[in-house]
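Q: Following is a predicted model, sequence given first.
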Amino acid sequence: MTTTVTRAIRSTAAWTANQTAMEALYGVGNYYTSLSSWWAWVQSTYPNLVSSDVVVVAECYNDWTGNGLSDGFVSISGVTSGVNNYPIIRAADGEGHGGISGAGFRMYAYGTGTVLNISQQYGQVYDLEAINTKDGNGYNYAFGFDTDSVAENIIGKSAYRAITIGSSGYSAVSTLRNCLALPAGPSRNPVGFLGPGLGYGSVQLDNCVAGAGCLYGIIGSPATSYRQWILRNCVVADGVATIAYDGGASTGSTNNASFDGSTITPPGANPYTSDVTSADFVDASSNDYHLASGSSLKTAGANLYSDFQYDVDGDEYPSSGAWPIGYDYVPSSGGTPTLSSPTVTGVTSSAATPRVAVTF
Amino acid sequence: MAELLIKAADAPVPDSPGKWYGARILRIEDDGFEWSPNEGPPIFYLLKVPGVEKESAQQYLEEWRHNTSISIVANDPVSDSYRLRLISDRVSATGKNALVRERVEEFFTDWGATIVNIQNDRVTFDIAVFDAITSPRFWGTDISGAVFVETSYNENTGDHLVQIQESPFSPAQMKAAVQRNGGTIIPPDSFVMNRSVARQKLVDDINEQIFNISYAQRCWYITGAGMSALQAAGGVLTVTPQQFLNNISDGLSD
């Protein structure tokens, strides 16, 4: 039976201030003050996740101000992992960003490199934000993924490449959902999402958003028998981008949108052929890409409920009917309920049933 | 003032760029930093160096990757072709982090270049600008089925005018690839690329791809004597800045 080994990523001050609750969750002293030290511990303690039959989890807390935890460039790789035994790095409950940059656990580094690079096969990341604070002069990346990675609800911010998805496996498939790329700042050729180019491996982006600062929103990979680049319900939201989508898209791509969709049709089936504007979002100028109440994007997406169920801030997507394009589902506020007149059935028996209908 | 978190021993995992080797510095924090109880012996050592600023010590966290530059060895202006040499300054004298043909060759061939010679720290290759701008890497896709014809080449300005006579590309793909590489579309089926722009794109892209071949988590490490002193002290040791400098070594010097 697979064992899940969970450790907290917290500052010592925050752990100590909440020690009883923390120890109830994680055990005595089971925290690290950085992801790099946690991962070095994992390598030393569980070098083979498969033979140990464990899943290792780092739960991150929003204990750091400003750009967040300064942890250098963190590379998650080097152990033996498998389809049932892999690392998970996620924000603890209530500690994530909810789709707004700076609102939850975040980490940063300055310079040439990748703030958080997930090269470990089957590695998973949820609800984190990574920021490369250097300008565009250098190979500055926020997130990097490789080989059967899963990422949901992440925000990558860099002046060069925000989120890159590499390739080192012929049949590898990486999946990113509800992710936001912010290649902001002075830069040369900033890219939101960058695929593996001519390499191997397949990538699926679902309900992802390329936001402010993109010169290129989503650069993918031409489809081959060993390389798929599937985009579903994605949006390139930034009107200053030169090119929204580049590099092609595979069969299965559908319901994508962009700032210039009325003139350059977004890739895949059922494209959104109007221009996406800042009015579609709550506050695009502040990197808040939740959908505005009046946005047509709210019901312009394909239903992907069989693949995943929750949006960037935890709202459940509808199980039937249209989905939104982008990372945010806006639940119906319903209306004023009406009550029917009460009825009672079975009054002649001992099981009389009072009944009233509530209609929204 | 700084405190350094050091990996005490090699992680028991196969050798790989992601492996944490002993004696490598994981993190550097200000003096008095509150570490977790787990961030100490036996998995980690803690080295305290009063008098060293955290920021000035960040260089010891450098990942070991290539840092390359490309220069022109020779050129033929008539055919606009070049012999170029890529040199990495992050290869040790004993060949650690050497450039290996199996890892780098595709970066050159995808651009239509041919490797002439490869040594530990350098790759010499030939490239014609026309071959580069009609390569899979330029277009970002498989170009089989495409027929490119060079309509003109102005040796003085360096402009190549290329017509796509048979194209597997959509107009949007064509526009995107040309713009991404700094060219200009000439409707209905041609584009102009300047040699210096094309050459710079090639150089930037190859440099970046080789940078992304990671060799090790860190370049610098604590010397054997330094690690012995840490071990003898029980894994926590305070030293002077000079003692620290005497016991830190650059992997490049190996």
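A: That came through fine.
Q: Look up the pLDDT of A:Val150 for me, please.
A: For A:Val150, the model assigns a pLDDT of 95.
Q: Check the one 4 residues further on too.
A: At A:Ile154, the predicted lDDT confidence score is 98.
Q: ok, the residue nearest to A:Leu291 when sequence neighbours are not counted - how many residues close by?
A: Leaving out its chain neighbours, the residue that sits closest to A:Leu291 by C-beta to C-beta, 6 or more residues apart in numbering or on different chains is A:Asp328, at 4.9 Å. Heads up, the C-betas are built off the backbone N, CA and C, glycines and all. As a burial measure, the neighbour count of A:Asp328 was computed by other C-beta atoms under 10 Å in any protein chain shown and equals 26.
Q: ok but A:Asp328 is inside a helix, no?
A: No. According to DSSP: H, G, I helix; E, B strand; the rest coil, A:Asp328 belongs to no helix; its state is coil.
Q: Would you list the phi and psi of it?
A: Summarising the backbone geometry of A:Asp328 under the convention degrees, to the nearest 10, its torsions are phi -130, psi 120.
Q: surely it meets A:Tyr310?
A: No. Taking contacts as C-beta atoms under 8 Å, A:Asp328 lies outside contact range of A:Tyr310: 11.1 Å.
Q: Residue 127: what's it in contact with?
A: Picking chain A for this. For A:Asp127, the contacting residues are A:Arg90, A:Ala91, A:Glu95, A:Gly96, A:His97, A:Gly104, A:Phe105, A:Glu152, A:Asn153, A:Ile154, by C-beta atoms under 8 Å, 6 or more residues apart in numbering or on different chains.
Q: was after chain B, sorry
A: Under the contact definition (C-beta under 8 Å, 6+ apart), the residues listed for B:Ile127 are B:Ser81, B:Tyr82, B:Leu84, B:Phe108, B:Trp111, B:Gly112, B:Ala113, B:Thr114, B:Leu202.
Q: Out of those residues, who's the most crowded?
A: Going through those with other C-beta under 10 Å as the criterion, the one with the most neighbours is B:Leu202, at 26 neighbours.
Q: Need the pLDDT of A:Asp135.
A: The predicted local distance difference test score for A:Asp135 is 79.
Q: can I see the domain layout of chain B?
A: Chain B breaks down by automatic domain parsing into domains covering B:2-64+B:215-253, B:68-211.
Q: worst average pLDDT in the ones you listed?
A: Within the domains of chain B, the least confident segment by mean pLDDT turns out to be domain B:68-211, at a mean of 91.
Q: What count of nearby residues applies to the closest residue in space to B:Ser144 that isn't next to it in sequence?
A: Closest residue to B:Ser144 in three dimensions, ignoring its sequence neighbours and counting by C-beta to C-beta, 6+ apart: B:Pro168, at 7.7 Å. The criterion is other C-beta under 10 Å. On that basis, B:Pro168 has 15 neighbouring residues.
Q: hang on, B:Pro168 in a helix?
A: No. Read with three-state DSSP, B:Pro168 is coil and lies in no helix.
Q: which residues touch the residue nearest to A:Leu291?
A: So, once contact is read as C-beta under 8 Å, 6+ apart, A:Asp328 ends up touching A:Gly99, A:Tyr289, A:His290, A:Leu291, A:Asp311, A:Val312, A:Asp313, A:Asp315.
Q: Distance-wise, check it relative to A:Ser306.
A: A:Asp328 sits 20 Å away from A:Ser306, going by C-beta to C-beta, to the nearest Å.
Q: same check, this time on B:Ala229
A: Computed with C-beta to C-beta, the distance linking B:Ala229 and A:Ser306 is 59 Å.
Q: out of these two, which sits in the busier spot?
A: B:Ala229 (17 against 7).
Q: Wasn't that one part of a helix?
A: Yes. Remark: B:Ala229 belongs to a helix, assigned using three-state DSSP.
Q: who are the neighbours in contact with it?
A: Under the criterion of C-beta under 8 Å, 6+ apart, the neighbours of B:Ala229 are B:Leu237, B:Val239, B:Asn247.
Q: Any idea which residue is closest to the centre of the chain?
A: Here I'm looking at chain A. Per C-alpha atoms, centre = their mean, the C-alpha nearest to the average position across chain A is that of A:Asn153, at 2.4 Å.
Q: The intended chain is chain B.
A: With C-alpha atoms, centre = their mean applied to chain B, the nearest residue to centre is B:Phe211, 1.1 Å.
Q: tell me the phi and psi of that residue?
A: The phi/psi pair for B:Phe211 (degrees, to the nearest 10) is phi -60, psi -40.
Q: same check, this time on the one 4 residues further on
A: Listed backbone geometry of B:Tyr215 is phi -110, psi -40, with angles given as degrees, to the nearest 10.
Q: pretty sure it is touching B:Gly18, no?
A: No. The pair B:Tyr215 and B:Gly18 fails to qualify as a contact (C-beta under 8 Å) at a distance of 10.6 Å.
Q: if you count what's nearby, which of the two comes out ahead?
A: Between B:Tyr215 and B:Gly18, counting by other C-beta under 10 Å, B:Gly18 is the more crowded of the two (21 against 18).
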